[in-house]
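Engineer: Below are the sequence and a predicted model; questions follow.
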Amino acid sequence: MNTSTREKKIQRHVRIRAQLHGIASRPRLSVSRSSRYIQVQLIDDDKGVTLLGISDSSLKGKGTKQDRARMLGKKVAEETLKLGVKSVVFDRGGHHYHGRIKALADAARQGGLTF
């Protein structure tokens, strides 16, 4: 059976989400990536509430997509720490852990988040 790239991504995402669950003290940091932008949400799955949502399209500054992902990671860490949360569960959304996803995660860790 020949599966498409999109179907494989969806399968990975379902497999990952079966094991992840965000709570108030340790919310889920969900990453969504398109070919142009990258978005991040901080989600409390118990209440079904999004605590924070940021996109790199809202950030000022130019640079490569990886540069914008790093800036977004730092911004997310800064905003999350303002909410009083230091530890999160990282949900890469079915994407492979490299490139912009890895740059965002590394920058968030440098910003003070633990995952």
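Structural biologist: Arrived safely, thanks for sending. Numbers count the residues shown, from 1 in each chain.

Engineer: what residues are up against the closest residue to residue 77 other than its chain neighbours?
Structural biologist: Leaving aside its sequence neighbours, residue 77 sits nearest to residue 111 (C-beta to C-beta, 6 or more residues apart in numbering; 2.5 Å). Heads up, the C-betas are built off the backbone N, CA and C, glycines and all. Contacts for residue 111 were tallied using C-beta atoms under 8 Å, 6 or more residues apart in numbering; they are 73-74, 76-78, 81.

Engineer: Take the residues you listed and write them to JSON lines, including secondary structure.
Structural biologist: Below are the contacts of residue 111 laid out as JSON lines (DSSP: H, G, I helix; E, B strand; the rest coil):
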{"residue": "73", "secondary structure": "helix"}
{"residue": "74", "secondary structure": "helix"}
{"residue": "76", "secondary structure": "helix"}
{"residue": "77", "secondary structure": "helix"}
{"residue": "78", "secondary structure": "helix"}
{"residue": "81", "secondary structure": "helix"}
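
Engineer: ok, of the residues you listed, which come out buried?
Structural biologist: Neighbour-count burial (16 or more other C-beta atoms under 10 Å) is assigned, among the contacts of residue 111, to 73-74, 76-77.

Engineer: Many thanks, we can stop here.
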